[in-house]
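[1] Show me how the following folds:
(chains A and B)
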2 protein chains.
Amino acid sequence: MSVYNFCAGPAMLPAEVMAKAQKELVDFHGLGVSVMELSHRSKEYLAVANAAEANLRELMGISDDYAVLFTHGGARAHFSAIPLNLAGADDQVDYLISGQWSAGAAQEAAKYAQVNRIDLRVGNGLEMTRAGEAGQGAYLHYCPNETVDGVAIFDEPDSDQPLIADYSSCILGREIDINRYGLIYAGAQKNVGPAGLALVIVRRDLIGQAQPTTPSILDYGLLDKHDSMYNTPPTYAWYLAGEVFKWIKAQGGVAAMAELNRHKAALLYDFIDSGDFYQNRVDPSHRSEMNVPFQLANPDLDAAFLAQSQQAGLMALKGHRSVGGMRASLYNAMPIEGVQALVAFMKAFELQHK
Amino acid sequence: MSVYNFCAGPAMLPAEVMAKAQKELVDFHGLGVSVMELSHRSKEYLAVANAAEANLRELMGISDDYAVLFTHGGARAHFSAIPLNLAGADDQVDYLISGQWSAGAAQEAAKYAQVNRIDLRVGNGLEMTRAGEAGQGAYLHYCPNETVDGVAIFDEPDSDQPLIADYSSCILGREIDINRYGLIYAGAQKNVGPAGLALVIVRRDLIGQAQPTTPSILDYGLLDKHDSMYNTPPTYAWYLAGEVFKWIKAQGGVAAMAELNRHKAALLYDFIDSGDFYQNRVDPSHRSEMNVPFQLANPDLDAAFLAQSQQAGLMALKGHRSVGGMRASLYNAMPIEGVQALVAFMKAFELQHK
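    Alright, predicted model coming up:
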């Protein structure tokens, strides 16, 4: 039986990447040791690290005006690092709130700067006109894909401020123009690699003036100067991220991923909308292509749905503990066959219990 | 040909651990997915995480008075986190300086507290009597094993202050009485697992009053409250650390490791001291059992030594770029056969070039 893993994160990685990783786990390129046993300063590991950065730059069209940092700590590290690096303690900073993650980012930022919260959450949609209330702060932060809420902001907010975005759950999932951003960041464990790594892509003119109390491992200027090796980086996660970048290139790049992701999401949303047994309450113009939360009209069936889907090889469909219901995460690594299998299961479950 | 990897870090992991990791990389316990693709909140992953902590507590005799934290960021993260968590900005803190790592810890701490540096480095030894100059600060920090310098402090400094120690390169390498410490910490990539994970073992009465600007991912009280899952932890590194802990138990525990480590180090130091072709300049009472730096009396032979040792399957013997020469790291995972092979090579090289 095929297993399809719908976990929101740590999430599935491409099957081809995992097969290659397994093959070379204990003997990397004939060296007789694992890539995770190499010095991060060895020429063999530097080739891995540099290729990963070069491929990410190519996939996303990132110029040398931007630093690409491979960091410790996950996205939450950057909830702290962004205000520490890009604002002074007395500076205003603007945060658009569209769900749990952007709210969390704003909460952490309030330790380091004067946070102006612009709450977009109204009813089932997002009141995007409220984004116009920004404009005072040193930067404007938003989250283009809210993993828990299944809410997406597809168009960049219109602002002259440096735009900062948490791309944790949608980086490389659709094409973006990086030049519209001051900084984007992403925890790796959804669309890039294993947990323990975060990517930061930041315009170099914005960094180098971190607050004096910035921990060194979160100082973007220092990390850039040391090519993300101020301290020992998470080398194995960096290697796996590099393998994922190669895999995306082999699939046809981000444009091909985006087309497949739109197709996968449409398949699931169309089925959900076709009846009233399942529901997704997000306004259609803001539905995430990466994370699809849905509810059974009769929540008494939740436990049976989860048990039977698990038995059918459809893993980790339980919704986030804060919202309940179900959630299917459809990151780049999820093949169309996984979504087809999920929809087939949902149809059969509905027939059985209607 | 056997390959023996003497890298100071990221370092070799036990061969048995790597073989098991390879076997179950893409199918963990028959789930059809990798352990790195599991939600950190799934019951399957929580079993991994909890077993790792339980085994570490058993190996080191850690009571419930201490929190055991599995964190992001490596030891350098804790250079910042320790003063942020255990001192106020106006508090004095004492740092014993015995080499590059303790000096680095003191430098970072000066961002967050009033650092009193007590420099022990004199000649070839350590002027340990200077440790008595501590006593004013909220805590006393030292580094029992300096990876770059090959310098060890085997006996805990005598102080009534909470004792803080950077055990990155010697945790689980010899027996210690954890109850003598307020906190010990260790980057994983030397004696525990892959890079990207750090362990913190801290007496619970010392935490919970972090400075207000402490980043959440470095707030020990918050991490303890959330069982090291305030944010997504580096799950694969945590899993591998757990496998290393099981392996150490199977070898006979820390006492057995310590005996083997003493034996391995003696083999190499005795050979170095037996002639004048090779030299180690550290006072014998402070020679590290984990990291053995040595110089060739004729440095013109350095390049030939490195090239030929590499060809002989003896990897990564180059000394740290700041000190030059050679360095052999003999962590727990290095079998006695590796040290025997190194000594045999050194003998042959000496005969060839004398």
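
[2] Count the residues that sit near residue A:169.
    For residue A:169, the neighbour count with other CB atoms under 10 Å in any protein chain shown is 29. C-betas here are computed from N, CA, C, even on glycine.

[3] wait, is it part of a helix?
    No. Checked against DSSP: H, G, I helix; E, B strand; the rest coil, residue A:169 lies outside a helix; its state is coil.

[4] and the longest helix for chain A?
    helix A:253-273 (DSSP state H).

[5] Going by neighbour count, which residues in that helix are buried?
    Within helix A:253-273, the residues that count as buried by 16 or more other CB atoms under 10 Å in any protein chain shown are A:254, A:257-258, A:260-261, A:264-265, A:267-269, A:271-272.

[6] Next SSE downstream of that helix?
    strand A:278-279 (DSSP states H and E).

[7] Mind listing residues that contact that following strand?
    By CB atoms under 8 Å, 6 or more residues apart in numbering or on different chains, the residues outside strand A:278-279 that reach it are A:271-272, A:294-297, A:346, A:350.

[8] List just the nearest of those to residue B:154.
    Checking those against residue B:154 by CB to CB gives residue A:294 as the nearest, at 60.2 Å.

[9] Test of understanding: give the bridge partners of the closest one.
    residue A:326 (DSSP bridges).

[10] List the contacts of it.
    By CB under 8 Å, 6+ apart, the contact list for residue A:294 reads A:272, A:278-280, A:325-328.

[11] Relative to residue A:316, how far out is it?
    Counting by CB to CB, to the nearest Å, the gap between residue A:294 and residue A:316 amounts to 14 Å.

[12] what's the average pLDDT for stretch A:316-324?
    What stretch A:316-324 shows for mean pLDDT is 90.

[13] that older thread, list only buried entries from the contacts of residue A:294.
    Among the contacts of residue A:294, those classed as buried by 16+ other CB under 10 Å are A:272, A:278, A:280, A:325-328.

[14] Alongside chain B, which residues does the stretch 1-150 of chain A contribute?
    Counting by CB under 8 Å from any CB of the partner chain, the stretch 1-150 of chain A comes close to chain B at A:1, A:3, A:5, A:7-13, A:18-19, A:21-22, A:25-26, A:31-34, A:36-42, A:72-77, A:79-81, A:84, A:108, A:111-112.

[15] and residue A:67, which of the three is it?
    When states are read from three-state DSSP, the local structure at residue A:67 comes out as strand.

[16] now it, nearest residue through space, not along the chain?
    The shortest distance from residue A:67 to any residue that is not its chain neighbour, by CB to CB, 6 or more residues apart in numbering or on different chains, is 4.2 Å, and that residue is residue A:224.

[17] Quick one: residues contacting residue A:292.
    For residue A:292, the residues meeting the contact criterion (CB under 8 Å, 6+ apart) are A:150, A:265, A:268-269, A:272, A:280, A:327-330.

[18] Among those residues, which one lies nearest to chain B?
    residue A:329 (10.3 Å; CB to the nearest CB).

[19] Distance-wise, check the closest one relative to residue A:199.
    Using CB to CB, we find residue A:329 at a distance of 19 Å from residue A:199.

[20] before we move on, what about residue A:328?
    With distances taken as CB to CB, residue A:328 is found 24 Å from residue A:199.

[21] Kindly report the same for residue A:325.
    Residue A:325 sits 30 Å away from residue A:199, taking CB to CB as the criterion.

[22] and the helix or strand harbouring residue A:352, what does it pack onto?
    Here residue A:352, judged by DSSP H and E, is contained in helix A:336-353. Taking 3 or more CB pairs under 8 Å, 6 or more residues apart in numbering or on different chains; DSSP states H and E as the contact definition, the neighbouring helices and strands of helix A:336-353 are strand A:4-5, helix A:253-273, helix A:302-311, strand A:314-315.

[23] For the first one, what is the distance to the chain centroid?
    Centre-to-centre, strand A:4-5 and its host chain are 18 Å apart (CA atoms, centre = their mean, to the nearest Å).

[24] what's whatever helix or strand comes next after that strand packed up against?
    Of the helices and strands lying after strand A:4-5 in sequence (DSSP H and E), the nearest is helix A:15-23. Other helices and strands packing on helix A:15-23, by 3+ CB pairs under 8 Å, 6+ apart, are helix A:235-251.

[25] Check what contacts stretch A:217-231 and list those residues.
    Residues outside stretch A:217-231 that contact it (CB under 8 Å, 6+ apart) are A:40-41, A:49, A:67, A:69-73, A:77-78, A:80-81, A:84-85, A:200, A:202, A:204, A:207-210, A:216, B:73-77, B:80, B:215.

[26] Give me the buried stretch members for it, please.
    Under the neighbour-count rule (16+ other CB under 10 Å), stretch A:217-231 has A:217-224, A:227-231 buried.

[27] Now the two most distant members of these.
    A:218 and A:227 (16.2 Å).

[28] now the nearest residue to residue A:70 once chain neighbours are set aside: how far from residue A:201?
    Computed as CB to CB, 6+ apart, the closest residue to residue A:70 that is not its neighbour in sequence is residue A:228, at 4.4 Å. In this view, residue A:228 and residue A:201 are 12 Å apart by CB to CB.

[29] likewise residue A:320?
    27 Å.

[30] Mind checking which of the two has more residues around it?
    Higher neighbour count among residue A:320 and residue A:201: residue A:201, with 22 against 17, using other CB under 10 Å.

[31] Quick check on that one: phi, psi?
    phi -120, psi 110 (degrees, to the nearest 10).

[32] now the helices: where do they sit in the stretch 1-150 of chain A?
    A:15-23, A:43-60, A:74-86, A:100-109 (DSSP state H, counting those that start in this stretch).

[33] Redo those as JSON lines? Include mean pLDDT.
    As requested, these are exported to JSON lines (pLDDT from 0 to 100):
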{"stretch": "helix A:15-23", "mean pLDDT": "98"}
{"stretch": "helix A:43-60", "mean pLDDT": "98"}
{"stretch": "helix A:74-86", "mean pLDDT": "98"}
{"stretch": "helix A:100-109", "mean pLDDT": "98"}
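
[34] More neighbours: residue A:329 and residue A:199, which one.
    residue A:199 (28 against 25).
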